[in-house]
Structure formats: structure tokens, C-alpha cells
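Peer 1: Build me a model:
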Amino acid sequence: QVQLAESGGGLVQAGGSLTLSCGASGRTFSYAMAWFRQAPGKEREFVAATSWSGSSIYYADSVKGRFTISRDNGKNTVSLQMNSLKPEDTAVYLCAARRSWGSVVGETSDVKYEYWGQGTQVTVSS
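Peer 2: Residues are numbered from 1 along each chain as shown. Just a heads-up that it's a prediction; the model follows:
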């Protein structure tokens, strides 16, 4: 069993930055980790993913060049550095994990992810 807990959300002005963190309890070795987001009235949307080793990383086009995902397996954490935030980035951000040894390139479906955190709210004001 893996339990995930996000932190770091908040209110920020457009153009600002936030760093989200996801702490995992339980063994996450060989787990791919990802961030998704869900805005009110919209479907859950893929943001970024990293393979268990960190050697394979994939971003949604909407955040590429602005967001950076990273993980620290020694600390069982995965982070999402968000720069140049836009009002359309406003959403609840959720951390997710799934057993996977392989590449995460192109893997944007949420149905493959087994474990989810409760989410943290990010609000970007214009």
C-alpha cells in the first residue's frame, strides 16, 4: 500500500511560482509518479510524470517549459516546480503513483494510476 499526501498549494498572482510536494509512505521503488489537476467543472487532466528512476519525464504541452517534475527516492517525495503561472493553471493538483519500470513518455491516462493523494488547491489570480 502507498499513501500520498500533497502540500504546497496556495494563492499566487499570475506570473508567480509555487512548488508542490508529494510525500509517499510505503515502498515507492519501481513506482512511476505523476501530477494531475482538476479544475471545477472539468475532467482530471495530466500535468507531468516521472519514471521511478527519474530518467524518463513527460509533460503536458500546456505546462512544458514552465513546470518541472522531480523526485527524491531517498526521501520518498516528488515535487512539481511551477513557474510563470497563469490563471488557467488554477485547479486542485493531485499526486498519483503506479507500479511501472518503464518510460512514462506519452502516458497521460489517469486510469493506470493506482494510488492518489487528496489534492492541494492552486489558485492563480489575474
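
Peer 1: Pull the contacting residues for residue 19.
Peer 2: 8, 79, 80, 81, 82 (CB atoms under 8 Å, 6 or more residues apart in numbering). All C-beta atoms are positioned from the backbone trio N, CA, C, and that covers glycine.

Peer 1: cutoff 7 Å now
Peer 2: Applying CB atoms under 7 Å, 6 or more residues apart in numbering to residue 19 gives the contacts 8, 79, 80, 81.

Peer 1: That one belongs to a strand?
Peer 2: Yes - when classified by DSSP: H, G, I helix; E, B strand; the rest coil, residue 19 is found to be part of a strand.

Peer 1: Please shift the residue numbers so they start at 55 in all later answers.
Peer 2: Understood, numbering begins at 55; the last thing we discussed is residue 73.

Peer 1: State the mean pLDDT of stretch 96-103.
Peer 2: Average pLDDT, stretch 96-103: 97.

Peer 1: Next: stretch 83-93.
Peer 2: 94.

Peer 1: ok now that stretch, how far from the chain's centre?
Peer 2: From the chain centre to the centre of stretch 83-93 is a distance of 5 Å (CA atoms, centre = their mean, to the nearest Å).

Peer 1: Run through who's touching stretch 155-168.
Peer 2: 84, 86, 88, 90, 98, 100, 103-106, 110-112, 150-153.

Peer 1: Perfect, I'm done here.
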